[in-house]
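Colleague: Generate coordinates for the sequence data below:
(one chain, ligands or ions: 2)
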Amino acid sequence: MEVVVNAATSVDGKLSTRERRQVRISGEGDFDRVDRLRAAADAVLVGVGTVLADDPHLGVKSEDRRVERLRNGRPANPARVVADSRARTPPDATLLDDDADTYLLVSAAAPERRRDSLREAGATIVEAGEDRVDLTAALDELEADGVARLLAEGGGELIYSLFDAGLVDELSVFVGSLVIGGREAPTLVDGEGFVADFPALDLVDVDRVDDGVVLHYRPT
Ligand SMILES: NC(=O)C1=CN([C@@H]2O[C@H](COP(=O)(O)OP(=O)(O)OC[C@H]3O[C@@H](n4cnc5c(N)ncnc54)[C@H](O)[C@@H]3O)[C@@H](O)[C@H]2O)C=CC1
Ligand SMILES: Nc1nc(O)c(N)c(N[C@@H]2O[C@H](COP(=O)(O)O)[C@@H](O)[C@H]2O)n1
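Modeller: Numbers count the residues shown, from 1 in each chain. Ligands and ions are numbered 1, 2, ... in the order given. Next up, the predicted model:
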């Protein structure tokens, strides 16, 4: 499976505010680039922190691109995937609508009652890991289900775990021209952080988009 990570940050590397409220960092041009990435993906992955903060849809916005996917024998939208160790996704979350399949990656610690109500809401539950989602095992299961290209959109906790597990094949970051600040505000890569063996990246491209830049990296 190919794992592509994409997110938007402020100049100071923040994904949103200290209140974890969604900030529109990208402009029209960058949101269109993200839409192209979604249209090329079999599934879009976020952490449950992002679901609770943003209630995202994660679908392809452009009708032309959805039609093109259908023409190519694919579903109109990529599947939605949430890393959600304890099945905290609300059963009325937008990403559980009928526009695409939705997988919830849970750990053995996820209560049965919550799994059941999420199954009733249409989710496919994938269990991997004891206390926290084992991303390597969970992504293997998705791959067996036909997910060859996965777009991970964040947040920072999830992106850290993807790097920590050596699962990132590409990273693109839109850096918008604003400062958010705040020591508690989420950054591109949070989690425990690395103290050695820092994942090293090759900068393969830089594009000026809207009032910012998109940095494209691959692991060395
Ligand atoms: N600017 C941007 O491009 C984006 C911004 N955001 C922002 O990021 C914030 C949410 O980010 P975070 O709080 O970091 O949450 P997150 O979206 O990374 O979710 C983290 C949660 O996922 C669950 N999880 C399950 N297995 C995990 C694993 N193996 N590794 C890591 N997490 C795992 C845990 O419950 C964990 O608390 C929101 O404020 C949202 O608006 C989110 C996505 C993109
Ligand atoms: N690329 C990008 N730029 C921004 O400025 C953002 N705030 C985000 N946020 C991500 O997009 C999701 C919302 O998706 P829908 O519009 O609901 O489909 C949000 O949850 C973040 O993952 N991304």
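Colleague: okay, CA-based contacts and neighbour counts for the rest of this
Modeller: OK.
Colleague: got the residues of this structure near ligand 1?
Modeller: 7-9, 15-16, 20-22, 46-50, 53-54, 83-85, 132-135, 153-158, 161, 186 (CA under 6 Å from any ligand atom).
Colleague: of those residues, list those near ligand 2.
Modeller: Near ligand 2, by the rule CA under 6 Å from any ligand atom, you find A7, A8, Q22, T50, D54, E153, G154 out of these.
Colleague: which residues of this structure fall in strands?
Modeller: For the chain, strands defined by DSSP state E occupy the ranges 2-9, 43-47, 79-83, 102-106, 124-127, 149-154, 170-175, 201-209, 212-219.
Colleague: before we move on, the earlier item: which of the ones next to ligand 2 among the residues of the chain next to ligand 1 tops the neighbour count?
Modeller: Of these, A8 is surrounded by the most neighbours, 28 neighbours in total, counting by other CA atoms under 10 Å.
Colleague: Contacts only, for that one.
Modeller: Contacts for A8 (CA atoms under 8 Å, 6 or more residues apart in numbering) come out as L15, I25, S26, V173, F174, V175, G176.
Colleague: Turn those into JSON lines, including distance to R69.
Modeller: Putting the contacts of A8 into JSON lines (distance: CA to CA, whole Å) gives the following:
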{"residue": "L15", "distance to R69": "30"}
{"residue": "I25", "distance to R69": "27"}
{"residue": "S26", "distance to R69": "24"}
{"residue": "V173", "distance to R69": "25"}
{"residue": "F174", "distance to R69": "25"}
{"residue": "V175", "distance to R69": "29"}
{"residue": "G176", "distance to R69": "30"}
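Colleague: quick one: which of these is most hemmed in?
Modeller: Most neighbours among the contacts of A8, by other CA under 10 Å: F174, with 29 neighbours.
Colleague: Hmm, that residue is touching T9, no?
Modeller: Yes: counting by CA atoms under 8 Å, F174 does reach T9; the two are 6.2 Å apart.
Colleague: Now do the helices in this protein.
Modeller: 28-40, 48-54, 63-71, 112-120, 135-144, 156-164 (DSSP state H).
Colleague: Pick the most deeply packed of these.
Modeller: Of all those, helix 156-164 carries the top mean neighbour count, a mean of 21, counting by mean count of other CA atoms under 10 Å.
Colleague: Show me what V173 bridges to in the sheet.
Modeller: Beta-bridge pairing for V173 (DSSP bridges): A7, L215.
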